[in-house]
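Visitor: model this:
(chains A, B and C)
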Amino acid sequence: MSHSAITDSYIYVIMALLPLAALMLVIQTSPYQALVIRGILGAVAALIYAVLGGADVALTEALVGTMLAITLYAVAVRSSLVMRLGVLSGEEVRKNLHWRPLLTYLRALLNRYHLRLELVTYDDVETLHQALKTKDVHGTCVVFGPTEAGHYPDEALSDGHGSPNPVPVDTPESPYLITLRVPRLYEIFTTELPPVMAQVQALGDDGLDDLGTGDLQPVLADASPLTEDD
Amino acid sequence: MTAVLMAMIAALLIPMVEAFQDEDIWQRMLAFASIATKTSVMILVVSVMRDDWMIGVVGVLILSVGNAALMLLAHVIRRLSEVMEEY
Amino acid sequence: MVNVLSYVCIVIGLVFWFWGTWPLLGRRSVLFKLHGLSVADTLGSMAIVVGLLLRIPHEWPLLVLGLISLAIWNTVLGYVLAYCSTQEDSYEP
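Guide: Just a heads-up that it's a prediction; the model follows:
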């Protein structure tokens, strides 16, 4: 590398682009926006490395730092920042008049925490409960109260915990019961979801399942990525 | 030639400002595509300025391979918005 | 003579760059910006590379490879971005 090349004036201007792009990356809150900005940072960094004479470093930055890292991070973020909500596949959940506003409200609520909502349908209450216990879903949403349609089978009255459970029907205007197994999600839902729309309970509140406190530790570790992104 | 490179840096600042101010993810992807092409052409210009074959090879490689990451990211983001609009 | 021609090509490319990149700052739709951007980034960059090719003819394999990859990749990328972004728009109510 020649010494006269280093003292060229345009190098200083190009070098100033790198902290600018890095600052843009640091102040991002949404993970997908940050991925796009990371690509911009990688392109600017490859330019700087090439201008300064490090051709191999520039090639590595472009191939590994930009292409491979962004692809892997996109897949990782897409599969981790999601809340899976188990619902019953029958008509009693989706034909309800309250379902569409609740879904819209939940999406807006989770969007503020950069989470997305994915609905997983199950055929009956038993498989729904089993999916919640085997950590296949983060929570379940079932109908328990009498609603406008008013003709629900009796097994829909149980809240997804299989056994005949005395259902709290103190607020008849909220026909939904959301059962969550992740403590951070329970915290979010109890503070920000009005009880008019749905009732929220944590898994293990009623004490009828075999999920001990020793088993709750991996659940807490599972919830830790959710707490960091806000 | 230095003036040409300065003008290119000024053109590179436009999509960076756009990526900073716009919140829509597709507008940011457009800015990213613009920056990726512009930086690799700038690497080519620098390589011709210095008559350095090695930097030129790297510039062409970045130009031809760097767009692939952009397409992969675009498809992942599209799949994401499909899943979000279910039901 | 060749030097003047190469500068003309590079300046034309720069004018294309600024013309196509400037609408990025506005509040237009993604497809409008994509149109200007694909014209700027493909034709402008190709004009710049042709200008460089006139300056240093002995590096022609490298610069011709750059020209070909610019023409192919930017066209495909423009198509992919337009496909992906309009797919999202059609889902919005």
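Visitor: of all the residues in chain C, which ones are close to chain B?
Guide: C:10-11, C:14, C:17-18, C:21-22, C:24-25, C:30, C:33-34, C:37, C:40-41, C:45, C:48-49, C:52, C:55-56, C:59, C:62-63, C:65-66, C:69-70, C:73-74, C:76-77, C:80-81, C:84-85, C:87-88, C:91-92 (CB under 8 Å from any CB of the partner chain). From N, CA and C alone the C-beta is placed, and that goes for glycine too.
Visitor: which helices and strands does the one helix or strand C:I10 maps to pack with?
Guide: Here C:I10 sits within helix C:2-21, counting by DSSP states H and E. Secondary-structure packing of helix C:2-21 (3 or more CB pairs under 8 Å, 6 or more residues apart in numbering or on different chains; DSSP states H and E): helix B:2-21, helix C:30-39, helix C:45-55.
Visitor: could you dump these to a markdown table with mean neighbour count, mean pLDDT and distance to A:L109?
Guide: Conversion of the helices and strands packed on helix C:2-21 to a markdown table gives the following (neighbours: other CB atoms under 10 Å in any protein chain shown; pLDDT from 0 to 100; distance: least, CB to CB, whole Å):
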| stretch | mean neighbour count | mean pLDDT | distance to A:L109 |
| --- | --- | --- | --- |
| helix B:2-21 | 18 | 88 | 27 |
| helix C:30-39 | 19 | 87 | 27 |
| helix C:45-55 | 22 | 91 | 45 |
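Visitor: any chance of the ones you listed in JSON lines, plus distance to chain A?
Guide: Conversion of the helices and strands packed on helix C:2-21 to JSON lines gives the following (distance: least, CB to the nearest CB, whole Å):
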{"stretch": "helix B:2-21", "distance to chain A": "5"}
{"stretch": "helix C:30-39", "distance to chain A": "14"}
{"stretch": "helix C:45-55", "distance to chain A": "14"}
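Visitor: Need those in JSON lines (columns: distance to B:V60).
Guide: Formatted as JSON lines, the entries for the helices and strands packed on helix C:2-21 read as follows, by distance: least, CB to CB, whole Å:
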{"stretch": "helix B:2-21", "distance to B:V60": "17"}
{"stretch": "helix C:30-39", "distance to B:V60": "20"}
{"stretch": "helix C:45-55", "distance to B:V60": "10"}
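Visitor: Just want the phi and psi numbers for A:V87.
Guide: Backbone dihedrals for A:V87, given as degrees, to the nearest 10, come out at phi -130, psi 170.
Visitor: How about the contacts made by it?
Guide: A:V93, A:R94, A:L119, A:V120, A:T121, A:Y122, A:L128, A:T140, A:C141, A:V142 (CB atoms under 8 Å, 6 or more residues apart in numbering or on different chains).
Visitor: Show the buried residues in these.
Guide: Using 16 or more other CB atoms under 10 Å in any protein chain shown as the burial test, those include A:V93, A:L119, A:Y122, A:L128, A:T140, A:C141, A:V142 as buried.
Visitor: and of those residues, the nearest to chain C?
Guide: If you rank the buried ones among the contacts of A:V87 by distance to chain C using CB to the nearest CB, A:L119 comes first, at 15.6 Å.
Visitor: So what does the closest one have for phi and psi?
Guide: The phi and psi values for A:L119, taken as degrees, to the nearest 10, are phi -90, psi 130.
Visitor: Helix or strand for A:I178, just tell me which one.
Guide: Assignment of secondary structure by DSSP H and E places A:I178 within strand A:176-180.
Visitor: quick one: that strand near chain B?
Guide: No - contact of strand A:176-180 with chain B (CB under 8 Å from any CB) is absent, the minimum separation being 15.0 Å.
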